[in-house]
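Asker: Sharing a model that was predicted from the sequence below.
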Amino acid sequence: MNHKENEIREDYLKKVIDYVRREVRNSDLAHRFDHVECVAKIAKKISKKEKVDLEVVLVSAYLHDVVSRKESRNKPHYVASAEKAREILRKVGYNEDFIEKVYDVIVEASYESWISGIRPKSKEAKVLHDADLLEAMGARGIARAFAYAGAYGSKELGEVNFNPENPPKNTSHERLVDSSPISHFASKLLHLRNMMLTQSGKKMAKEKHKFMVRFLKQYKREMMQNK
Ligand SMILES: [Fe+2]
Ligand SMILES: [Fe+2]
């Protein structure tokens, strides 16, 4: 089926969204529909300043976490999500060319791809990469870090035994789940601002980063760690 560039087939997109809403109902609390929807909104905002196929960006954003980590034991969840995306998009009626673009965008945009050395090639993947990382920063990022840690059996909230202004180097590749949500800031979240690939992503990351640092300092004070 042919369609004009930058024209979004709203009826198709609505079907995709309905699928996703059902599929992520039982994902961990950090990866349910509100996350997916926020990523799509951020991606849309970033897209305004980039020359991208918005339909590819939005469809990829909605589908990027359609398979949760729990459900994808034998392969990375972004590969499982990209494969599931293919299935869903075929059912909806998208053409194969479009489907393969979405597949690549989902794989290339993932944080786990990044730490295994894969870099987003297309503009669309860069936009989704920034949008997904921005959802792991700021107030939403903080909330999601704790939700995720709870879902994956963290034993405690953790202590800020690092300098939020100058965190240790990014070690998130060493483990999938950190010992506590607070240590997740040191190993991953405080490094995300340096991974932004678009101008608007960089701008948005600044404010969100500042907020996380403020949060960690206050948290440290409340735990009387400031001797
Ligand atoms: Fe993901
Ligand atoms: Fe995500």
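Answerer: Received, thanks. Numbering: from 1, shown residues only. Ligands and ions are numbered 1, 2, ... in the order given.
Asker: List the residues that contact the residue nearest the centre of the chain.
Answerer: The centre of the chain sits closest to Asp132, judged by CA atoms, centre = their mean, with a distance of 2.8 Å. When contacts are counted by CB atoms under 8 Å, 6 or more residues apart in numbering, Asp132 touches Val39, Ala61, His64, Ala109, Ser110, Tyr111. C-beta: built from backbone N, CA, C; applies to glycine.
Asker: Pull the number of nearby residues for the first one.
Answerer: It refers to Val39. The number of residues packed near Val39 is 25, by other CB atoms under 10 Å.
Asker: same deal with the second one?
Answerer: A count of neighbours around Ala61, defined by other CB under 10 Å, yields 29.
Asker: The nearest residue to it once chain neighbours are set aside sits in which helix or strand?
Answerer: In this structure, Ala61 finds its nearest non-sequential neighbour in Ala40, 4.1 Å apart by CB to CB, 6 or more residues apart in numbering. Secondary structure from DSSP states H and E places Ala40 in helix 33-47.
Asker: Quick one: name whatever helix or strand follows that helix.
Answerer: Moving toward the C-terminus from helix 33-47, the first helix or strand encountered (DSSP H and E) is helix 54-63.
Asker: quick one: contacts for the residue nearest to Glu71 when sequence neighbours are not counted?
Answerer: Of all residues not flanking Glu71 in the chain, Ala80 sits nearest, at 7.0 Å (CB to CB, 6+ apart). Counting by CB under 8 Å, 6+ apart, Ala80 touches Val67, Glu71, Ser72.
Asker: quick one, helices of the protein?
Answerer: With DSSP state H applied, the chain shows helices at 10-23, 33-47, 54-63, 77-92, 96-109, 111-115, 123-134, 138-151, 181-187, 199-222, listed in chain order.
Asker: Dump those helices into TSV; add distance to ligand 2 as well.
Answerer: Output for those, formatted as TSV (distance: least, CB to the ion, whole Å):
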stretch	distance to ligand 2
helix 10-23	12
helix 33-47	6
helix 54-63	9
helix 77-92	9
helix 96-109	9
helix 111-115	8
helix 123-134	4
helix 138-151	9
helix 181-187	15
helix 199-222	15
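Asker: can the ones you listed go into TSV with extra columns for mean pLDDT?
Answerer: Output for those, formatted as TSV (pLDDT from 0 to 100):
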stretch	mean pLDDT
helix 10-23	98
helix 33-47	98
helix 54-63	98
helix 77-92	97
helix 96-109	98
helix 111-115	94
helix 123-134	98
helix 138-151	97
helix 181-187	95
helix 199-222	98
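Asker: For those helices, give me a markdown table that also has distance to Thr171.
Answerer: Output for the helices of the chain, formatted as a markdown table (distance: least, CB to CB, whole Å):
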| stretch | distance to Thr171 |
| --- | --- |
| helix 10-23 | 31 |
| helix 33-47 | 24 |
| helix 54-63 | 28 |
| helix 77-92 | 20 |
| helix 96-109 | 22 |
| helix 111-115 | 10 |
| helix 123-134 | 17 |
| helix 138-151 | 15 |
| helix 181-187 | 5 |
| helix 199-222 | 17 |
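Asker: Figure out which of those is closest to Pro167.
Answerer: Of all the helices of the chain, helix 181-187 sits nearest to Pro167, with 4.8 Å by CB to CB.
Asker: Could you find the closest non-adjacent residue to Ser60?
Answerer: Val105 (4.1 Å).
Asker: can you list the domains in the chain?
Answerer: Structural domains assigned to the chain are 1-135, 137-227, following automatic domain parsing.
Asker: how far does the longest one sit from the chain's center?
Answerer: So that's domain 1-135. 10 Å (CA atoms, centre = their mean, to the nearest Å).
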